[in-house]
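*Asks:* sequence and predicted model, in that order:
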Amino acid sequence: MSDTELPGLNAVDDEIRRFALSVSPSELHGSLCGWLSGGGASLRGWPAKVLADDAILAPQPDSPLDRLRTVSAEQLADRSFRFELLLPEGDASLADRSGALFDWCRGFLGGFGLAAGADPKLSDEGREALGDLARLAGAQAQDEGDDDDEEALVEIEEFVRVAALLLHGDCVLAAQHRQRLN
């Protein structure tokens, strides 16, 4: 695994079980990305921050959860759009993949809210993207579908990916730019 690739879903799931956390890998990654996109710091003890539970210990350096943090922070900050969502592979069922995507969105909203607060400075596009993510977070997984449903899920995944980058740009990159100007 390269330093720019997310750890695998199973490795993250094993760490979640070891820490006795009650979230899915996709929801945890969404929470982390929401936290980072809302301006939260990339700290080794991030699970306690994004899950709002100070009793959660910090992951060990270079563990799957620590790599999840470092790679996600790098991908969000890299403007070449390499940012990835931690979701099941394409051979998983439509229900598993859509459910994980909606879990990711729920996690993102929670982490984003914790970091950005009640009234973040967002562009019109950012406000719209946040609202769309909220609607997706309330969606239910689809049990079965056809090729059109598969295609729609791919498009929704791409939208979510770009929405996260847009919100990161509004809250983190724009704030950094404003600091440089002052």
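*Replies:* Noted; the coordinates are in hand.
*Asks:* which helix or strand contains the residue most central in space within the chain?
*Replies:* Residue closest to the average C-alpha location in the chain (C-alpha atoms, centre = their mean): residue 30, at 2.6 Å. Using DSSP states H and E, residue 30 sits within helix 25-37.
*Asks:* in that helix, which residues are buried?
*Replies:* 25-37 (16 or more other C-beta atoms under 10 Å). Every residue, glycine included, has its C-beta placed from N, CA and C.
*Asks:* helix or strand right after it?
*Replies:* Next along from helix 25-37, by DSSP H and E: helix 46-50.
*Asks:* which elements pack onto the helix or strand that that following helix is followed by?
*Replies:* Following helix 46-50 in sequence order, the next helix or strand is helix 64-77 (DSSP H and E). Counting contacts by 3 or more C-beta pairs under 8 Å, 6 or more residues apart in numbering; DSSP states H and E, helix 64-77 is packed against helix 9-18, helix 25-37, helix 147-168.
*Asks:* pretty sure the residue nearest to the centre of the chain sits against residue 107.
*Replies:* Yes: the pair residue 30 / residue 107 is scored as a contact, 3.0 Å apart, by C-beta atoms under 8 Å.
*Asks:* low pLDDT regions in the chain?
*Replies:* 1-3, 175-182 (pLDDT under 70).
*Asks:* angle of the helix holding residue 30 against helix 9-18?
*Replies:* 90 degrees (axes from the mean of the first three to the mean of the last three C-alpha atoms, to 10 degrees).
*Asks:* what helices or strands is helix 25-37 leaning on?
*Replies:* helix 9-18, helix 46-50, helix 64-77, helix 94-116, helix 147-168.
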